[in-house]
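# Provided below are the primary sequence and the corresponding predicted coordinates.
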Amino acid sequence: KAGVTQTPRYLIKTRGQQVTLSCSPISGHRSVSWYQQTPGQGLQFLFEYFSETQRNKGNFPGRFSGRQFSNSRSEMNVSTLELGDSALYLCASSFEGGPSTDTQYFGPGTRLTVL
Amino acid sequence: QKEVEQDPGPLSVPEGAIVSLNCTYSNSAFQYFMWYRQYSRKGPELLMYTYSSGNKEDGRFTAQVDKSSKYISLFIRDSQPSDSATYLCAMSLRDDKIIFGKGTRLHILP
């Protein structure tokens, strides 16, 4: 079974630009979560989507947004990029979401560098 | 006080040694406790998952949860160079977001 895929793997942008990252979950998985990973803050939860609806949200500004399509694929958008947005962005999928029911499978991440 | 505290290391131990990795947390309501392993340039992968208190063993790995002390541990027996990675503890309430520690970098020396 194919794993979680994320595109692109690497991205370089400049301050003020916007960026869209894509995540394709494991076939049959309906929950997709997004995380930001930095050396200083570690792995931080951004949001979770389940059946095209945002089900949980972390403490990030409104510049960070996401959506999920009917085929469970998800995109994450960051507008008005700041230097501090440089990070590894990870996507994780699970069948129904929530640690009480499911294992999350992580993709390899997209490395975003903001200059 | 951060919700989850984890020593970043690095922790270097000789091959074959027992490794002990730990996390403390502040939210006594956490019910689900996890350990993830992350190799360089890869996403985290779930190693161990425990509900509430107690021990769980899987091969060379043992996870312990002490809710009274708000302390969780991961033990690795007969450590191998392939165990060299960053280990992240994580925890959550039911059906809520997962809170991760910052991770401990582990080096197993051949």
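Nice, thanks for sending it over.
# what about residue B:17, how many residues close to it?
Residue crowding around residue B:17 was assessed by other Cβ atoms under 10 Å in any protein chain shown; the count is 14. For the C-beta atoms, the positions are set from N, CA and C on the backbone; glycine is no exception.
# Give me the nearest residue to it, chain neighbours excluded.
The shortest distance from residue B:17 to any residue that is not its chain neighbour, by Cβ to Cβ, 6 or more residues apart in numbering or on different chains, is 5.4 Å, and that residue is residue B:79.
# Wait, a strand at residue A:81?
No: under DSSP: H, G, I helix; E, B strand; the rest coil, residue A:81 sits outside any strand and is assigned coil.
# what sits against the spatially most central residue of chain A?
Taking Cα atoms, centre = their mean, the centroid of chain A lies closest to residue A:34, which sits 2.9 Å from it. Under the criterion of Cβ atoms under 8 Å, 6 or more residues apart in numbering or on different chains, the contact list for residue A:34 reads A:23, A:45, A:46, A:47, A:48, A:66, A:74, A:76, A:89, A:90, A:91, A:92.
# swap the cut-off to 7 Å and go again
Residue A:34 sits next to A:46, A:47, A:66, A:76, A:89, A:91 when contact means Cβ atoms under 7 Å, 6 or more residues apart in numbering or on different chains.
# Helix or strand: which one has it?
strand A:31-38 (DSSP states H and E).
# Please point out which parts of that strand sit buried.
By neighbour count, with 16 or more other Cβ atoms under 10 Å in any protein chain shown as the criterion, the buried positions of strand A:31-38 are A:31, A:32, A:33, A:34, A:35, A:36, A:37.
# Now the element after that strand, going C-ward?
Scanning onward from strand A:31-38 (DSSP H and E), the first element met is strand A:42-50.
# tilt between that next one and strand A:31-38?
Comparing the axes of strand A:42-50 and strand A:31-38 via axes from the mean of the first three to the mean of the last three Cα atoms, to 10 degrees yields an angle of 160 degrees.
# Per-residue pLDDT of the residue lying closest to residue A:104 once chain neighbours are set aside, please?
The spatially closest residue to residue A:104, leaving aside those adjacent along the chain, is residue A:92, at 4.1 Å (Cβ to Cβ, 6+ apart). At residue A:92, the predicted lDDT confidence score is 94.
# likewise residue B:52?
83.
# Now do the strands in chain B.
Listed in chain order, the strands of chain B (DSSP state E) span B:4-6, B:11-14, B:19-25, B:32-38, B:45-51, B:54-58, B:61-66, B:71-76, B:85-92, B:99-100, B:104-109.
# what about the shortest one, distance to the chain center?
Its chain's C-alpha centre and that of strand B:99-100 lie 11 Å apart, by Cα atoms, centre = their mean, to the nearest Å.
# that older thread, may I have the strand or helix carrying the residue nearest to residue A:104 exported as CSV, CA atoms only?
Per DSSP H and E: residue A:92 is located in strand A:87-94. Provided in CSV are the C-alpha atoms of strand A:87-94 (Å, rounded to 0.1, in the frame of the first residue of the first chain):
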residue,chain,number,x,y,z
ALA,A,87,10.0,24.8,8.6
LEU,A,88,9.3,21.2,7.7
TYR,A,89,5.6,20.8,7.1
LEU,A,90,4.3,17.3,7.8
CYS,A,91,1.1,15.7,6.8
ALA,A,92,-0.3,12.7,8.6
SER,A,93,-3.2,10.5,7.6
SER,A,94,-5.4,8.0,9.5
